Each structure stands twice: as C-alpha cells, then as structure tokens.
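K.L.:
generate coordinates for the sequence data below:
(one chain, ligands or ions: 1)
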Amino acid sequence: MGAFEKAQRLYERAIQKKTNEEDLDLVIGWKEEELSVLFSCADLVRRHFFGNTVNPCAIMNIKSGGCPEDCAFCSQSTHNKANITVTRLSSREEIIKRFKVARKHNLSFGVVSSGRRLSYKEVKYVAEALRECGGGVHASLGILSKEEFALLREAGVVCYNHNLETSREYFKKIVTTHSYEERVETVKRVKQAGMDVCCGGIFGMGETWEDRKWLCLELKRLDVDVIPLNFLNAVPGTRVSRPAESPLEFLKIVTVFRIAHPDKTIKVCGGREVNLGRMQNLMFYAGANGYISGDYLTTKGDSIDSDDAMIRALGLEKTAF
Ligand code: SF4
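P.N.:
You can find the predicted model right below:
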C-alpha cells in the first residue's frame, strides 16, 4: 500500500473512532520523507472534530519550587539543582488578577502548584479564590483526596490536570518518590468528582516509541478528556539531558496521539518553542488543537501576542472553555 492509501485508511478509521494498536504502529513506522502525507491525514482528522478552532490556555504557577518529589525532569524538585525562584502560595488577589488577564486574551485559565500535593487548608484557600473567578477554571494541585476534588468541583473547577508523564515501565527511571499507580488512582478520582481530566506526558527523556505508545493506550483506557504533550526543555541542574529528537519526531508524536484520540483535545505544552523552533505552526497540521500560551511554570514561552499572530496567519480561531 502506498502512503496515500495508508493515510486514507487511517483517516477513515480515525473519524469512525476505530483506531487500533496496529494503526498506531503504522504511524510510528511512517517514513520521514512521506510525513507530509501523514500530517495531511492528522490535520483532516483534527478538522473533522474541531473545525478551525483551537483551545489555548494560560497557566499560573501558584506555588513554585521546593518540591520533595524526585521527578528527574523537573526544575522544581529539591532533588535537582535548578536555579529557580521558590515561592509561597499566591494570594487570592494575585490569582484573580491573572485569571482576568487570561480571560482578556480568550484563554482558558489553570492554576498549578509544585509539590506532591497542597495541604487541605491550601486547597480550600485556592478553591475560594477560584470560586471568585466565577467558574470554568482549571487546576493542578497534586494527589488530592475524593473530598478535596469535590471541594474544587463545587468551587467551579471544570478540568483537573494530573499527568502520567510516560509509560508505567519508564516512569520508574524518572520518579522514585511516588508510584505510577498513585497517579492513575488520582486520575480516576478526578473523573469520579465529575471534572474533565487533563492528563498527558513529557517526551524526549530517553523513552522509546513503545513507551510512548503504551502511554497513549493507557490514556485511552482511562478515557481522559484533554491530553497535554510536553517536549522536554532540559533546564540546567535537572537530571536529564537535551532531547536528541528532531522537530519532525516530536511532530510525529502529536500525530500518534491525534490518530489514537481523534476527538480529544491534544495540547502541545512545555518545550514547544525550544524543540519545534520554526516548525511550531506545523503542530496543528500534525493534529494538535490546543497549546499553552505565554509562560510555562518556570520557563519562558512565546508571548500571547505572537501566538495570536500565528493563529490568525493559519486561519484558526481560539475558543476558551
Ligand atoms: S513534577 Fe510535580 S511532583 Fe514532580 S518534582 Fe515537579 S513539582 Fe514535584
């Protein structure tokens, strides 16, 4: 079968939501010189489900650094030696101010804190601040209990982020202070609380295509709603090195996730600028329908204005939710 026939078959199976593991192997093995055909397929699948709309979000780091967990890639871990600013929990006023900036730019807004989890008192404080934002907000505050998730839901949090990062097997090489199972169980509690689950991973840490495929299928089993894909930005002082992957390989990761999760929001997040460089706008042709706009947790991103210019040039339209 030629590249066009293979792409047509993939497209048809994806829009019928019938993609299987064999289809993902086909994408993974796609020849680099024929990637334009694969990306056309991914782009059409994206358009089938989302038209010309994309869903960007802005994140606020409400408690930075000082984390006792040992995630090898993370600049906020005390096991690493990255030179970052450590902060206490942001105030209610600071959170509301940043929420207003995000809304002004038509961006979804999410608060993110470092650490295994916030304390009950902190969760309550953040929930009250988010309630004042008027609902429709997102959060990522760690491994919380059923009661704490219910509290957030009741305060108007509609989507909770908790990433699995990589495959179950490779996770042990990246993190030892908590287990993969704890992460999976947290994701299940988010779902039970009635919030959308935002759950994805980080790529370029030495994982194989098998690890990536495993994660992709695990997210299908968990039926997550939004999938953030981070491309490693190796901050000096962390225990990871600069990724060896080319921009095209990172883009192919986006396509694997689009084909596997045809109707789910796939967001390209941290490391987009560093790893895709001038090929950034191809992420939409590779299947992404979302991204983080502005700065990340401890690293700079492109400005919101420059992201907006990219979106306009591509004829896409931003939608926040
Ligand atoms: S990823 Fe989260 S849990 Fe892991 S070290 Fe960073 S802040 Fe801590």
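K.L.:
the one residue in the stretch 201-321 of the chain that gets nearest to the ligand: what's its closest spatial neighbour, skipping adjacent residues?
P.N.:
Residue of the stretch 201-321 of the chain nearest the ligand, by C-beta to the nearest ligand atom: L297 (8.0 Å). All C-beta spots, glycine's among them, are computed from the backbone N, C-alpha and C. Using C-beta to C-beta, 6 or more residues apart in numbering and skipping residues adjacent in sequence, the residue nearest L297 is N61, 4.6 Å away.
K.L.:
ok, H79 next?
P.N.:
D70 (4.0 Å).
K.L.:
can the longest strand seen in the chain be found next to the ligand?
P.N.:
Among the segments of the chain that qualify as a strand by DSSP state E, the longest is strand 53-63. No - using C-beta under 6 Å from any ligand atom, strand 53-63 never reaches the ligand; the gap is at least 9.1 Å.
K.L.:
that strand pairs with which strands, parallel or anti?
P.N.:
Strand pairing for strand 53-63, using DSSP bridges, gives strand 108-113 (parallel), strand 290-292 (parallel), strand 317-318 (parallel).
K.L.:
which elements pack onto the helix or strand following that strand?
P.N.:
Sequence order places helix 92-104 as the next helix or strand after strand 53-63, per DSSP states H and E. Judged by 3 or more C-beta pairs under 8 Å, 6 or more residues apart in numbering; DSSP states H and E, helix 92-104 is in contact with strand 53-63, strand 108-113, helix 120-132.
K.L.:
change it to 10 Å
P.N.:
strand 53-63, strand 108-113, helix 120-132, strand 137-140, helix 304-313 (3 or more C-beta pairs under 10 Å, 6 or more residues apart in numbering; DSSP states H and E).
K.L.:
for the residue nearest to L297, give me its contacts.
P.N.:
Applying C-beta atoms under 10 Å, 6 or more residues apart in numbering to N61 gives the contacts 76, 84-85, 87, 90, 98, 111-114, 140, 295-298.
K.L.:
likewise for E182?
P.N.:
By C-beta under 10 Å, 6+ apart, the neighbours of E182 are 116, 143, 162.
K.L.:
closest to E22 out of those residues?
P.N.:
For the contacts of E182, the closest approach to E22 (C-beta to C-beta) belongs to H162, at 29.5 Å.
K.L.:
what is the burial count for the residue nearest to the closest one when sequence neighbours are not counted?
P.N.:
Nearest in space to H162, with sequence neighbours left out and distances taken as C-beta to C-beta, 6+ apart, is T186 at 5.1 Å. Counted with other C-beta atoms under 10 Å, residues neighbouring T186 total 21.
K.L.:
in the protein, where is pLDDT below threshold?
P.N.:
Along the chain, the model assigns pLDDT under 70 to residues 321.
K.L.:
longest helix in it, by residue count?
P.N.:
What stands out as the longest helix in the chain, according to DSSP state H, is helix 35-50.
K.L.:
what would the helices and strands packed on helix 92-104 look like in a markdown table with distance to E22?
P.N.:
Listed next are these as a markdown table, based on distance: least, C-beta to C-beta, whole Å:
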| stretch | distance to E22 |
| --- | --- |
| strand 53-63 | 29 |
| strand 108-113 | 34 |
| helix 120-132 | 43 |
| strand 137-140 | 34 |
| helix 304-313 | 34 |
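K.L.:
nearest approach to C199 belongs to which of the ones you listed?
P.N.:
Nearest to C199, of the helices and strands packed on helix 92-104 and by C-beta to C-beta, is strand 137-140 at 10.1 Å.
K.L.:
could you check how far the very next helix or strand once past that closest one is from the centre of its chain?
P.N.:
Downstream of strand 137-140, the next assigned helix or strand under DSSP H and E is helix 146-154. When C-alpha coordinates are averaged (C-alpha atoms, centre = their mean, to the nearest Å), helix 146-154 and its chain have centres 22 Å apart.
K.L.:
stretch 185-202 too?
P.N.:
For stretch 185-202, the distance to the chain centre is 12 Å (C-alpha atoms, centre = their mean).
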